[in-house]
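**Q** Below: sequence and its predicted model.
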There are 2 protein chains.
Amino acid sequence: MTDRKLELAQLIEAQGNKVRQLKAAKAEKATIDAEVEILKSLKQELAALEGNTGKGKAAKNSFTLKTPKGTKDYNDKEMAIREKVFSTITKVFKKHGAVTIDTPVFELKEILSGKYGEDSKLIYDLADQGGEECSLRYDLTVPFARFLAMNGKEYQNIKRYHIAKVYRRDQPAMTKGRMREFYQCDFDIAGTYDAMIPDSECLKILCEALTALDVGKFTVKINHRKILDGIFQVCGVPEASIRPISSAVDKLDKLPWEDVRKEMTEEKGLAPEVADKIGEYVKLKGGRDLLQQLLKDEVLTKNQSALEGLKDMEVLFDYLEIFDVMNKMSFDLSLARGLDYYTGVIYEAVTEKSAPPKLADGVTPKKKADSDELDESTVGVGSIAAGGRYDNLVGMFSGRNKKGEPNLKIPCVGVSIGVERVFSILLAKQRAEEIKANETQVYVIAVGDGLLKERMQIANELWAADIKAAFMFKNKPKLDKQWAACEKEQIPFAVIIGRDELDKGEIRVKDMRSKDASQGGGVTIKRDNMVEELRSRLASL
Amino acid sequence: MTDRKLELAQLIEAQGNKVRQLKAAKAEKATIDAEVEILKSLKQELAALEGNTGKGKAAKNSFTLKTPKGTKDYNDKEMAIREKVFSTITKVFKKHGAVTIDTPVFELKEILSGKYGEDSKLIYDLADQGGEECSLRYDLTVPFARFLAMNGKEYQNIKRYHIAKVYRRDQPAMTKGRMREFYQCDFDIAGTYDAMIPDSECLKILCEALTALDVGKFTVKINHRKILDGIFQVCGVPEASIRPISSAVDKLDKLPWEDVRKEMTEEKGLAPEVADKIGEYVKLKGGRDLLQQLLKDEVLTKNQSALEGLKDMEVLFDYLEIFDVMNKMSFDLSLARGLDYYTGVIYEAVTEKSAPPKLADGVTPKKKADSDELDESTVGVGSIAAGGRYDNLVGMFSGRNKKGEPNLKIPCVGVSIGVERVFSILLAKQRAEEIKANETQVYVIAVGDGLLKERMQIANELWAADIKAAFMFKNKPKLDKQWAACEKEQIPFAVIIGRDELDKGEIRVKDMRSKDASQGGGVTIKRDNMVEELRSRLASL
């Protein structure tokens, strides 16, 4: 047995216990369902591993019928949820004047290199089949910056959104929903503008989107890289250690202060008294009150970087008040965000439902190595959306002038919504059998001798009137089979035809949702009025 | 200079001449624009090749700012067209009760192997970074068949569509729009049904989609594999040569009969008199008349396979009459379709605009090697959509029982719309500056002292009312800059605010499309009525 298989076996046992406990405690159905899903994916992963190394190769000409590790199919019902999520988000983006662009799923390898720090090892490369070296995109931000740098003047100002899959060769953690292929849903504003105006609109959009998605109560943690850098400076962190120490602070949402302090002092060689000073700052949380308190901090405000950050926050909070979203914000000095490229305001939204799941007894959580990874790929970890300002990324692509400055500097601010997490939350809310994936409105049913051509004729008339219609692909289908299909597909109306009625120019319309027995086989109407009748009934759905 | 560079230089010269001739002949703007686009992509390709091998490496830290060969970015305007195409097609699919599923962008390598014949060499593989061997999907049909085989009973009957990118390491031919990453747009019906009913609905959907896309006049060439196989048998083609000879026939839309006959006799060793007999059949085209003629052909109808095919066609034509699309069909015995897996009816739609472009003088067209490639990836080649019945593909994945029969046989019929070709046709119809990519409805403009917070407040009220609004991200923007932005973005209405008016509780609304000078600076209304006023104006757009 490999390590992973052993680990999986243990995880399955622990998860099984958890489900049993929840059931015994009569927990909410959605909660139990979510845990059962985790159990299922653990079992699937184990089965796949066993299939790959053992039985799978035994039978000749037999395929390992699975998707690659860390990927999955989305069936019709999952897609119905997914499309609803995308259209909800897209509507918000478009309300704010955003356009969309698309970039290839793979980029030249050199475009991605040097952008993701240690996580570069998670990038998928294409095989060398002659030609250029390419890699699958790791996020949507770097391709966007490459697009801006390539298009120069034409796209110096753009509000763009991009909803697409990204790829990371991360360790399998389907329990946490961490997939290797997953969606990102990004909105960014590029352009040189007055301070904090686009930043405030990004935060407004984030709040509008999460509200529209109905993910439950959420809070947006907000901080500023310049304030954080100022704090590190006044506490006495050496310049070269600022980013590593910032990475350590970023773990405060998952680890207690003692562990983070240990990382700072033992792993990263920070003096204990410096770490303790940092500790005093990063425990601070609040709103405008905290901002006022920091503005009175004479040590901090003497630091240029911190002062700039605090002034930015003052302006930003004013704008957020106007946009009615200040009440969602939590000014949180422990928020650091992993990625190096942020230069200004940073933020991360957490929902009550996205708190880390408690592990079953006896299972030790694996500490993740120092990582720049965005939380968008993880489920069950705090963040449901995140973003910030990154003013220098486009310049990294644009070449340098004689003074070493980038030829083209396009400041950007953006937000990425963790839609995989949103899917999980929404999927847990709904019972699979209640999700209607097809949009069919009318099922054409024959009583008696099949009447295939007549059913086709009726369906054709309905299609011509833009009514979504279907019928059974049989010459002589049984009546009960037709009813069953209509019910299974949750089609709201049936048009019922019979020889005698057709000869009289009549058909019947039945409301399938009506439990009223008196309605019986529906209402008989003139065939000529069929479209009109159905249109008015559909309009009142 | 490499061969390709030399070839490109020649193509650029020839294409340049062609553009000059068209201009001299005062050809239509759209025609010239299309040829200029071809010229541009040739030049881009040459520049990219030169950049890669020459100058590109010279400057340190400079990136080759390009997308990988055969891929491209889609900017906001191209995306606006693309989304319109997708939503038009999706609407048709949904009208027919289709649901969508999604599969990963890469599959286990073994899933794809043995499905594409010689074209397997065009499959993109992922690098071996430890773990499973994977390849990017080559089409959407094989992943769909894999999905059906994997899900067994649950998805034995499904009408599904899938719009997604596929990947082929084909030779660069951006002139013909043949990209390495491109969209396919597939609709398929899986399930065991009575003959020709789903087939006829597929053809109906194809016709509805092309009509809705407004691609101009089109014809659907239609044939049946069983008829074709019957013809080959009665003409005396040895069993083992049937598929190769069928491939040769498939080229009749691009090559004259003489060339195809030569391929049959010289390359594929067919007896000349057999080839000539085939020639008599494959030149036949028509409608029901041709079907009647063939049904009277005593030699052909004695062949079991041909007779079955002809009977199928008789039934199919009846259904197509009912669906009002028989008039779009051309029963064409020269249609063979490349892919091996078709087992029944096959079809291919051609538009008047999708005829192969004439090459400039002095440029020899490269004959493509015997290929199974679908036409979806090519532009300027006849087909705009294609499909057929494939009853055995799912069975290839499902393992075999003791008798060697597949455990699970799910017959399928489908159609794939060549959307890249559709984009080109629609893009050529529109001038770039006329495409409005953003959906912004109202621009909030300040007269006088900037009034940033007031503009934000107004925008916030509009957003709350689901009105798409934007404003300039400047504290004190100049009035003319605000007008210019509003006009450039083609935003239909402006809300104009000034200090004095705001104090009186008033704002102005201006219809930006109105050339009526008397309207001047717009109409003054109560601020409280702003949302109502704009809603009623937007409703009448």
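**A** The structure has been received and is ready for your questions. Numbering: from 1, shown residues only, chains lettered A, B, ... in the order given.
**Q** Near chain B, which residues of the stretch 151-300 of chain A? Just list them.
**A** A:151, A:155, A:158-160, A:165, A:167, A:169, A:181, A:189, A:191, A:193-194, A:197-198, A:200-201, A:204, A:208 (C-beta under 8 Å from any C-beta of the partner chain). All C-beta spots, glycine's among them, are computed from the backbone N, C-alpha and C.
**Q** buried subset of the residues you listed?
**A** Listed as buried from those are A:151, A:155, A:158-160, A:165, A:167, A:169, A:181, A:189, A:191, A:193, A:197-198, A:200-201, A:204, A:208; burial here means 16 or more other C-beta atoms under 10 Å in any protein chain shown.
**Q** Now, the residues you listed that are in strands?
**A** A:158-160, A:165, A:167, A:181, A:189 (DSSP state E).
**Q** and of the residues you listed, the nearest to chain B?
**A** residue A:181 (5.3 Å; C-beta to the nearest C-beta).
**Q** Pull the contacting residues for the closest one.
**A** By C-beta atoms under 8 Å, 6 or more residues apart in numbering or on different chains, residue A:181 lies in contact with A:70-71, A:165-167, B:104-106.
**Q** For these, which single residue is the most surrounded?
**A** residue B:106 (28 neighbours; other C-beta atoms under 10 Å in any protein chain shown).
**Q** got a list of what it touches?
**A** A:68, A:71, A:181, B:126, B:134-137 are the contacts of residue B:106 under C-beta under 8 Å, 6+ apart.
**Q** Which members of those define the maximum pairwise distance?
**A** Greatest spatial distance among these (C-beta to C-beta): A:181 and B:135, at 14.0 Å.
**Q** Next one: the residue nearest the centre of chain A from chain B, what distance?
**A** Of all residues in chain A, the one closest to the mean position by C-alpha atoms, centre = their mean is residue A:419, 1.4 Å from it. Here the criterion is C-beta to the nearest C-beta, to the nearest Å. By it, residue A:419 lies 13 Å from chain B.
**Q** wait, doesn't that residue sit right on residue A:166?
**A** No: using C-beta atoms under 8 Å, residue A:419 makes no contact with residue A:166, being 11.3 Å away.
**Q** shared neighbours, the two?
**A** What both residue A:419 and residue A:166 touch, as defined by C-beta under 8 Å, 6+ apart, is the set A:183-184.
**Q** Return the set of buried residues in the helix or strand harbouring residue A:221.
**A** Take DSSP states H and E as the rule and residue A:221 turns out to sit in strand A:218-224. Going by neighbour count (16+ other C-beta under 10 Å), the buried part of strand A:218-224 is A:218, A:220-224.
**Q** tell me which of those is nearest to residue A:483?
**A** Nearest member of the buried residues of strand A:218-224 to residue A:483, counting by C-beta to C-beta, is residue A:218, at 44.2 Å.
**Q** mind listing what that closest one touches?
**A** A:210, A:328, A:349-352, A:384.
**Q** In contact with residue A:492, which residues?
**A** Contacts of residue A:492 by C-beta under 8 Å, 6+ apart are A:441-442, A:511-513, A:538, A:541.
**Q** at 6 Å instead, please
**A** A:512-513 (C-beta atoms under 6 Å, 6 or more residues apart in numbering or on different chains).
**Q** Return the distance of it relative to residue A:505.
**A** Residue A:492 sits 25 Å away from residue A:505, going by C-beta to C-beta, to the nearest Å.
**Q** Just checking: what are the partner strands of the strand or helix carrying residue A:186?
**A** For residue A:186, the element it lies in under DSSP H and E is strand A:181-190. Using DSSP bridges, strand A:181-190 pairs in its sheet with strand A:158-167 (antiparallel), strand A:412-417 (antiparallel).
**Q** circling back: could you check the pLDDT of the residue nearest to the centre of chain A?
**A** Confidence at residue A:419, expressed as pLDDT, is 90.
**Q** Counting neighbours, what do you get for the residue in the stretch 201-350 of chain A that chain B sits nearest to?
**A** Nearest to chain B, among the residues of the stretch 201-350 of chain A, is residue A:322, at 4.7 Å (C-beta to the nearest C-beta). Residue A:322 has 18 neighbours, counted by other C-beta under 10 Å.
**Q** Nearest spatial neighbour of it, chain-adjacent residues omitted?
**A** Closest residue in space to residue A:322, ignoring its immediate chain neighbours: residue B:456 at 4.7 Å, by C-beta to C-beta, 6 or more residues apart in numbering or on different chains.
**Q** The one helix or strand the one you found maps to packs against which elements?
**A** Using DSSP H and E, residue B:456 sits within helix B:452-464. Other helices and strands packing on helix B:452-464, by 3 or more C-beta pairs under 6 Å, 6 or more residues apart in numbering or on different chains; DSSP states H and E, are helix A:304-322, strand B:442-446, strand B:469-471.
**Q** Would you mind getting the angle between it and helix A:304-322?
**A** Per axes from the mean of the first three to the mean of the last three C-alpha atoms, to 10 degrees, the angle that helix B:452-464 makes with helix A:304-322 is 50 degrees.
**Q** Direction included, what does the strand holding residue A:221 pair against?
**A** strand A:329-332 (parallel), strand A:345-351 (antiparallel).
**Q** can I get the CA coordinates of it in PDB?
**A** Taking Å, rounded to 0.1, in the frame of the first residue of the first chain, the C-alpha atoms of strand A:218-224 are listed here in PDB:
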ATOM      1  CA  PHE A 218     -20.200  37.200   4.700                       C
ATOM      2  CA  THR A 219     -17.400  39.500   5.800                       C
ATOM      3  CA  VAL A 220     -14.700  41.200   3.800                       C
ATOM      4  CA  LYS A 221     -11.400  41.300   5.600                       C
ATOM      5  CA  ILE A 222      -9.400  44.300   4.300                       C
ATOM      6  CA  ASN A 223      -5.900  45.500   4.700                       C
ATOM      7  CA  HIS A 224      -3.200  47.500   2.800                       C
END
